[in-house]
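Novice: starting from these lines, generate the structure:
(2 chains)
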Amino acid sequence: MLELKKVSKTYSNGKVKAVDNISFTHKEGEILGFLGPNGAGKTTTIKMIVGLLKPDEGSIMINGINNQENPIEAKKSFGYVPDNPQVYERLRGIEYLKFISDVFQIPKEEREASIKKYSDVFNLTHSLNDMINSYSHGMKQKLALISALIHKPDLFILDEPMVGLDPKSSFKLKEIMREHCDEGKSVFFSTHVLEVAEKICDRIAIINEGKIIALGTMEELKEKAGKEETLENIFLEVTDNESNNTFIEN
Amino acid sequence: MNQIIHLLRINLINSFNINTLFSKEILKKKNIWKPLLFVFIIVSIAPSYYLYIGMIENIGKSLLMINQESYLMVLASTSAFMVVFFFGIFYVMGYYYFSQDTNLLISLPIKPNNIVISKFLTVLLYEYVILGIFLIPVFVVNSTLVEGGILYIIKSIILFIALPIAPLSIAAIFVTILMKFTNIKGRKDLYRIVSMFAFLFVVLGLQIIIQRNMMSVEPGKEQEFISQMFMDNKFMLETAGRFYPLSKWFSLTFYSNNWILI
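Specialist: From the prediction side, this is the model:
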């Protein structure tokens, strides 16, 4: 579904290594949580996956398609919600969703059914005819979520999706993520909310200073830590440089 | 092609704020100041625009008296090219480099060429709005000078559509080069703005020098200059055309029945 092989990215003419030789595979039907402190390389990794940044080295395969060699085909198979969705402010919500549907060439009936389903779930149906510039941050986030789900992507990529969402919408989103995976599709998301990651993720990847320092199921991470701990404790332990070495050795 | 149409459609709705323009909300009490402000601006500009039309008429009549009416279109097209170029630099920079929708569009399965073309067409439509205000009175005044009929109207429409493409493309190439070479760490936005203004001042300076020297007559050759003007009704057009070939072709088209030239 998603496979990163030896991917690296540097900024400032190679002086700052944002992502350093990372490799992992994200399987079908799996929710993979991507955790890490601020500036660890989460957003850079996601941006490379969705084609917003070009990796300096390595390859990214989405559904078996190399996203650098065949970007258009690769982009057809995922839906992406950025950390700060930039949508056309002077469009109405429904116009924006129709535009996204047109880009993905979704038939009218299917489009209408998808819009109805997800706008009902996120309680946005009554605001779809309003201008987007009248929306709150949370409503824009919901619109971005609907637009990413509208074409039923095989891979659902989210960067900090819970930010700005009310508790009910967060709950609904978690349900949608699980349903999505139950249909044999995948969800890859970054978050700072460790409780959410612990509850819904099938596997967790922790990135720090551009390197993947932990990857596995919750049980595997606990086993590596050598004791029964919460994800929060494991996260604090692995992102602390001294304890990190011990964790990796384990 | 479909992608370009979809992109152009949302670009136009977003850029020209069409939803607000045709919204019933705008007639509500709290928003009524918006249409009123619009009417106020139009009324304020109307006298200046009337004076502008009068000025074009006077220039046209003066040129007709010296047998050089074809020079009117050289003046108009040269000014139009400059207007398109100056506005084009700002529009291209805004639409291609500082636009917030770029990240969204890149993550969608849209061919990069289609994004570039749709943005270019949006900028072009902006230019047509400005050019329409500026050039339509010139076309109308010129039609009275050359006694233009249907063919004149067709030529005017074709030339109006074609006119901004070349200067806008030059502006786009200039901005692309500018952004590439000012991609310097630290104050890159500052470098870009300073470079852009420096370039505009250089262009403006060159224009002033060219305008000053274009019609200068060597001492003792004044008589020859005046007689040539009366003998050849395209004399000034040809002289200016040495400096502004695009304006020359543009103007010649109005006085030619050759469709290949058009």
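
Novice: let me know the secondary structure of the residue in chain B that chain A sits nearest to.
Specialist: Closest approach of chain B to chain A (C-beta to the nearest C-beta) occurs at B:Pro109, with a separation of 3.9 Å. Glycine gets a C-beta too; all of them are placed from N, C-alpha and C. Under DSSP: H, G, I helix; E, B strand; the rest coil, B:Pro109 falls in the coil class.

Novice: and for it, nearest residue in space, chain neighbours not counted?
Specialist: A:Lys75 (3.9 Å; C-beta to C-beta, 6 or more residues apart in numbering or on different chains).

Novice: chain center to stretch A:130-146: distance?
Specialist: 18 Å (C-alpha atoms, centre = their mean, to the nearest Å).

Novice: thinking again about what came up before, in contact with the residue of chain B closest to chain A, which residues?
Specialist: Shown in contact with B:Pro109 (C-beta atoms under 8 Å, 6 or more residues apart in numbering or on different chains): A:71-73, A:75-76, A:103-104.

Novice: same deal with A:Ser170?
Specialist: Neighbour list for A:Ser170: A:162, A:196 [criterion: C-beta under 8 Å, 6+ apart].

Novice: same thing but 10 Å
Specialist: Shown in contact with A:Ser170 (C-beta atoms under 10 Å, 6 or more residues apart in numbering or on different chains): A:138, A:161-164, A:193, A:196.

Novice: list the buried ones in the helix or strand encompassing it?
Specialist: Using DSSP states H and E, A:Ser170 maps to helix A:167-182. Within helix A:167-182, the residues that count as buried by 16 or more other C-beta atoms under 10 Å in any protein chain shown are A:169-170, A:172-174, A:176-177, A:180-181.

Novice: ok, stretch A:27-46 next?
Specialist: A:30-37, A:40-46.

Novice: quick one: which of those residues is nearest chain B?
Specialist: Nearest to chain B among these, with distances taken as C-beta to the nearest C-beta, is A:Ile46, at 9.9 Å.

Novice: for chain B, what spans make up the strands?
Specialist: Here chain B has no strands by DSSP state E.

Novice: how many neighbours does the residue of chain A at minimum distance from chain B have?
Specialist: Proximity of chain A to chain B (C-beta to the nearest C-beta) peaks at A:Lys75, 3.9 Å away. The local packing count at A:Lys75 equals 23, with neighbours defined by other C-beta atoms under 10 Å in any protein chain shown.

Novice: who touches the helix or strand it falls within?
Specialist: Taking DSSP H and E as the criterion, A:Lys75 maps to helix A:71-76. Helix A:71-76 is contacted from outside by A:49-51, A:60-68, A:70, A:103-105, A:151, A:153-155, B:106-112, using C-beta under 10 Å, 6+ apart.

Novice: just checking, which of the residues you listed belong to helices?
Specialist: Judged by DSSP state H, the subset of the contacts of helix A:71-76 located in helices is A:49-50, A:103, B:106, B:112.

Novice: can you flag the buried ones in the residues you listed?
Specialist: Buried members of these, scored by 16+ other C-beta under 10 Å, are A:49-50, A:103, B:106.

Novice: which residues touch A:Val121?
Specialist: A:Val121 touches A:142, A:145-146, A:149, A:169, A:172-173, A:175-176, counting by C-beta under 10 Å, 6+ apart.

Novice: thinking again about what came up before, restricted to buried residues, select the contacts of helix A:71-76 in PyMOL.
Specialist: In PyMOL, selecting the buried portion of the contacts of helix A:71-76, with burial taken from 16+ other C-beta under 10 Å, looks like this:
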select buried, (chain A and resi 49+50+51+60+61+62+63+65+67+103+104+151+153+154+155) or (chain B and resi 106+107+108+109+110)
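
Novice: and the pLDDT for the residue nearest to A:Gly216 when sequence neighbours are not counted?
Specialist: In space, and not counting its chain neighbours, A:Gly216 is closest to A:Arg203: 6.1 Å by C-beta to C-beta, 6+ apart. In the predicted model, A:Arg203 carries a pLDDT score of 92.

Novice: show me the contacts for A:Arg203.
Specialist: A:24-27, A:30-33, A:215-218, A:220-221.

Novice: among these, which lie within helices?
Specialist: Reading helices off the contacts of A:Arg203 with DSSP H, I get A:218, A:220-221.

Novice: now those residues in CSV, with distance to chain B and neighbour count?
Specialist: CSV is the format used below for these (distance: C-beta to the nearest C-beta, whole Å; neighbours: other C-beta atoms under 10 Å in any protein chain shown):
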residue, distance to chain B, neighbour count
A:Met218, 30, 18
A:Glu220, 32, 13
A:Leu221, 30, 22
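
Novice: A:Asp20 belongs to a strand?
Specialist: Yes. Under three-state DSSP, A:Asp20 sits within a strand.

Novice: now for the nearest residue to it once chain neighbours are set aside: which residues touch it?
Specialist: Nearest non-adjacent residue to A:Asp20, counting by C-beta to C-beta, 6+ apart: A:Gly210, 3.8 Å away. With contacts defined as C-beta under 10 Å, 6+ apart, A:Gly210 is in contact with A:7-10, A:16-22, A:36, A:39-41, A:44-45.

Novice: give me the pLDDT for A:Gly210.
Specialist: As predicted, A:Gly210 sits at a pLDDT of 90.

Novice: what's it sitting at in phi/psi?
Specialist: Main-chain torsions, A:Gly210, degrees, to the nearest 10: phi 80, psi 0.

Novice: how far away is it from B:Ala171?
Specialist: Computed with C-beta to C-beta, to the nearest Å, the distance linking A:Gly210 and B:Ala171 is 40 Å.

Novice: now do A:Glu57
Specialist: If you measure A:Glu57 against B:Ala171 using C-beta to C-beta, the figure is 37 Å.

Novice: more neighbours: which of those two?
Specialist: B:Ala171 (23 against 13).

Novice: what pLDDT does that one get?
Specialist: On the pLDDT scale, B:Ala171 gets 90.

Novice: over to A:Ser186?
Specialist: Looking at A:Ser186, its pLDDT reads 94.

Novice: so it sits right up against A:His180, yeah?
Specialist: Yes. A:Ser186 is within contact range of A:His180, at 7.7 Å (criterion: C-beta atoms under 10 Å).

Novice: quick one: common contacting residues for those two?
Specialist: Counting by C-beta under 10 Å, 6+ apart, the contacts common to A:Ser186 and A:His180 are A:29, A:31, A:153-156.
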